[in-house]
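Trainee: Sequence and predicted structure, then a few things I'm wondering about:
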Amino acid sequence: MDAIRFEVADVPDESGSGFQVLVYVNDVEMTAVGAGLGMDPYDVFVPDNRLVATSEAHTIPIARCDCGVYGCGSTDVTIVRDGDLVHWDWLYEAPINRGVTFAAAEYDSEVDRLATNYDWEPPDRTAGRLILRDLDRQALLAHGLKPSWTANDYRNSAVFRVALQLDNSYQVFINFPWTDHTPAELARAVCHTLEQRPQTWNATWHAIQPSLTHPPNIAGRSWQQAKL
């Protein structure tokens, strides 16, 4: 029987910025031995905890290349519950040459602890988690939109940016000021705005396909082309 422990840590400076989920099996950190860098929490347990084990096997990314890009290097795990046990099988850049097995009760407790421990979160990540948890995805999908990412604007940390993707054609960005907002207040404001018709948003757009030189059909009069 193996033992598992998770930790959220800073991404090293040489690999960019952000956070990574470290995975310790029998006190050995697996992501560094695998592809090199743990996955971002948003890719693992925000808003849905993909580590949860069920009787139906599913596969998730668990490590990425040291450059920060999943796919340049990658380690996946297939997770399945078998009665009182949880099995992991490694795919691609396996850190060890065997699968691992955990006591289900201990595994469930550690997965729950990871998902409910917010000590690592700076304000922008708290706001992002609440937005990704609470936004009305069906309302967005009715306009062909899906959430892509949320973060502080790298050029101005007083501005919070939400990125959406329209089909495979456009990126849409909406900015929100942090002024006098707690993360929870900002999250509510973002979710309320995204429930409105896109034409009412103060948004910018970027064409994914270079051949597209006009705004998307859902754009309102105030929309402008993004300067990236």
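Mentor: Structure's in. What do you need?
Trainee: The biggest strand by length in the chain - contacts with which helices or strands?
Mentor: Looking only at the chain and at elements set by DSSP state E, the strand with the highest residue count is strand 156-166. Taking 3 or more C-beta pairs under 8 Å, 6 or more residues apart in numbering; DSSP states H and E as the contact definition, the neighbouring helices and strands of strand 156-166 are helix 123-134, strand 145-153, strand 170-177, helix 183-194. (Each C-beta comes from the backbone N, C-alpha and C, glycine too.)
Trainee: Would you mind checking the average pLDDT for that strand?
Mentor: The average pLDDT within strand 156-166 is 95.
Trainee: quick check: angle from it to strand 145-153?
Mentor: Here strand 156-166 runs at 170 degrees with respect to strand 145-153, directions being taken by axes from the mean of the first three to the mean of the last three C-alpha atoms, to 10 degrees.
Trainee: now the angle from strand 156-166 to strand 170-177?
Mentor: Note on geometry: by the same axes, to 10 degrees, strand 156-166 and strand 170-177 are set 150 degrees apart in direction.
Trainee: Work out for me the element the one residue sitting closest to the centre of the chain sits within.
Mentor: Centroid check for the chain by C-alpha atoms, centre = their mean gives Tyr42 as the closest residue, at 2.1 Å. The secondary structure element spanning Tyr42 is helix 41-44 (assigned by DSSP states H and E).
Trainee: pLDDT of that helix, averaged?
Mentor: With pLDDT averaged residue by residue, helix 41-44 scores 94.
Trainee: mind giving me TSV with the helices and strands packed on strand 156-166 and columns for mean neighbour count and distance to Thr75?
Mentor: Putting these into TSV (neighbours: other C-beta atoms under 10 Å; distance: least, C-beta to C-beta, whole Å) gives the following:
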stretch	mean neighbour count	distance to Thr75
helix 123-134	20	23
strand 145-153	17	22
strand 170-177	18	28
helix 183-194	18	31
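Trainee: Any figure for the gap between Val162 and Gln209?
Mentor: Val162 sits 22 Å away from Gln209, taking C-beta to C-beta, to the nearest Å as the criterion.
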